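Participant: Fold the following for me, if possible:
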Amino acid sequence: MNTIESTTEQRDSRQPVTVEPTESSGQPAKQPGLTVRHVDGERYAVQVRGHQIVVDQPVSGGGSDSAPTPVELFVAALASCVAYYAGRYLVRHGLSRDGLAVGARYVMAADRPARVAAVRIELSVPDELPAGRRAALLAVAAHCTVHNTLLDPPEVEIELAAA
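Facilitator: Numbering: from 1, shown residues only. Take a look at the predicted model:
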């Protein structure tokens, strides 16, 4: 099993670009969405495209540790996106995904506001990946949608719903 490592780095902010998604009909596309509802204690259920994901907090944080935390899902989203892009690269080049694995470690910031300060992604690739393709695979994996979003963060609005 070969290992390739990557870390997230913050780059200079760029001007935001507004893109209106459109369907093939030329009409504005529905924006993807999800809903989060309180279950009990510190547990919340996320509903997205007919799927449900539960989040919780560890016992030390007042939860029951019945599910990953939102921060763990955040890091998992990055790791699974890297895995997907790496897997597609392998398939596109006629290689097997058997043995493909992605590990992630993260560090929380010591100061306020609460946030993830660093993420380290370790990509384990099949032994059959030729040495000459390692850099290209890493470049593709490092440009997954979630990583791109972290490097060029979206505008985030949080507001109260109308009563």
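
Participant: can you give me how far stretch 90-100 is from the chain middle?
Facilitator: The gap between the average C-alpha position of stretch 90-100 and the chain average comes to 21 Å, counting by C-alpha atoms, centre = their mean, to the nearest Å.

Participant: Quick one: residues in contact with it.
Facilitator: Residues from elsewhere that reach stretch 90-100, judged by C-beta atoms under 8 Å, 6 or more residues apart in numbering: 1, 83, 86-87, 123-129, 133, 137. Backbone N, C-alpha and C define where each C-beta goes, glycine included.

Participant: Kindly report the same for stretch 103-116.
Facilitator: 71, 74-76, 78-79, 117-122, 124.

Participant: and with 10 Å instead?
Facilitator: Here stretch 103-116 makes contact (C-beta atoms under 10 Å, 6 or more residues apart in numbering) with 3, 5, 7-8, 71-72, 74-80, 82-83, 117-124, 150.

Participant: list the buried ones in the lengthiest strand in the chain?
Facilitator: Of all the segments assigned as strand in the chain under DSSP state E, the longest by residue count is strand 116-125. Residues of strand 116-125 classed as buried: 119, 121-125 (neighbour count, 16 or more other C-beta atoms under 10 Å).

Participant: Same check on stretch 61-73?
Facilitator: 63, 67-69.

Participant: what's the most distant pair in those residues?
Facilitator: Within the buried residues of stretch 61-73, two members stand farthest from each other by C-beta to C-beta: Gly63 and Pro68, at 10.6 Å.

Participant: what sits in contact with each of these two?
Facilitator: When contacts are counted by C-beta under 10 Å, 6+ apart, Gly63 and Pro68 are jointly contacted by 55-57.
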